[in-house]
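Asker: Need a 3D model of the following:
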Amino acid sequence: MKEIRDEREGEVARARDVCAGWDWNVDDETTASNQDIIEYAHCIWDTIMDESLLLDHSLESDTTEEQSQEGGIISLPQLMHLGIDQVLIESKLVPDVKELETLVRRVALEEDAEMDERQGNRRDITMDSVQEDAKYLELTFVSFMRMLHECTSSTSHNGGQTFLISLFQRMEQQSRNQRDESNKDKDTSILLASKAIHSGNSNTCKNRQKNSDRFNEYVSTFRIWEQKFISKDTSTDGKEKLPSRRLDILRGCFVGARNAKVVAALKIVYMDYAALRLAGDLIFRLMSKIVG
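Answerer: As a prediction, the model looks like this:
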């Protein structure tokens, strides 16, 4: 988890570098928190990435595109499928899709050139040479922010605070609007957990299914244990026994097992991250000793 947190902080730091002048704070009513505009934008990017993963075609085959999505990269065609291109056009940041594609390729080329410079490489790559290369239609969070910064800098909006916040909110809502009607009101983590099992090649799917089944068994067991624990965790006079640290953890597991959103979010990381699976398995074994 530390690696993931460090990677995210690195992305936010690099985005700040490319978005000179965007140094406002945003009051997020959803989380009741105060964030700077770049951190807020990353939360919107996370939503766009999640909704892209939920697209019907996104998790059906073993493709490099799918691997890119799970690695935090999204392609322009996927953004268009979510309607992000229409938000940019309606906001008068780009005149049409063709101009947007040119901008995305130019930004990707600039990112490549900067990386080559840092690594001491010298390559003669021009816009003409990347016109047919799909790689240059892929966006990371940093390149996405660079693109938006260039868009706003070249228009009359000048990246004003009110305009930017409204833009991010519209992109978030537009991406959510692409869900199937049956999934409109469902929690994102629950949908992602369900789809993730079928993501990747056959071996990946088998491993995720195995891990998912084990996780489901843990959750079911905690629900059974809760009833058993309630009857054993009281003394004869009806007063609750003094809790130990492990008993507090066990109670926390009971609460989590009853919360569908918590279960779904934990299942996603349990299926894919070995270190977290190890921790989860260890907690389950420790709790089983308490319950007996």
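Asker: okay, CA-based contacts and neighbour counts for the rest of this
Answerer: Will do.
Asker: and residue 36, what does it touch?
Answerer: 23, 24, 25, 26 (CA atoms under 8 Å, 6 or more residues apart in numbering).
Asker: now with 10 Å?
Answerer: 16, 22, 23, 24, 25, 26, 27, 28 (CA atoms under 10 Å, 6 or more residues apart in numbering).
Asker: Give the closest residue to the first one in space, chain neighbours not counted.
Answerer: It stands for residue 16. Closest residue to residue 16 apart from its sequence neighbours, by CA to CA, 6 or more residues apart in numbering: residue 38 at 6.6 Å.
Asker: Give me the neighbour count for the one you found.
Answerer: 23 (other CA atoms under 10 Å).
Asker: Which helix or strand contains it?
Answerer: Under the criterion of DSSP states H and E, residue 38 resides in helix 37-53.
Asker: residues in contact with stretch 271-278?
Answerer: Here stretch 271-278 has contacts from 1, 193, 196-197, 204-205, 207-215, 266-267, 269-270, 280-284, using CA under 10 Å, 6+ apart.
Asker: Which ones among the residues you listed lie within strands?
Answerer: In strands, judged by DSSP state E, none of the contacts of stretch 271-278 are found.
Asker: coming back round to it: among the contacts of residue 36, show me the least confident.
Answerer: Lowest pLDDT within the contacts of residue 36 is found at residue 28 (64).
Asker: circling back: name all residues that make contact with the residue nearest to residue 16.
Answerer: 11-16, 19, 22-26, 44, 142, 145.
Asker: before we move on, back to that, among the contacts of residue 36, which are in helices?
Answerer: residue 16 (DSSP state H).
Asker: out of the contacts of residue 36, which one sits closest to residue 121?
Answerer: Within these, the smallest distance to residue 121 is 24.9 Å, found for residue 16 (CA to CA).
Asker: and the closest one, how far is that from residue 6?
Answerer: Distance check for residue 16 against residue 6: by CA to CA, to the nearest Å, it reads 15 Å.
Asker: Can you list the buried residues in the helix or strand containing residue 221?
Answerer: For residue 221, the host element (DSSP H and E) is helix 202-232. Within helix 202-232, the residues that qualify as buried are 204-205, 208-209, 211-212, 214-215, 218-219, 222-223, 225-226, 229, counting by 16 or more other CA atoms under 10 Å.
Asker: SS state for residue 93?
Answerer: coil (DSSP: H, G, I helix; E, B strand; the rest coil).
Asker: What about it, how many residues nearby?
Answerer: By other CA under 10 Å, 20 other residues sit near residue 93.
Asker: Does it touch residue 153 like I think?
Answerer: Yes: with contacts counted by CA atoms under 10 Å, residue 93 reaches residue 153, the gap being 9.4 Å.
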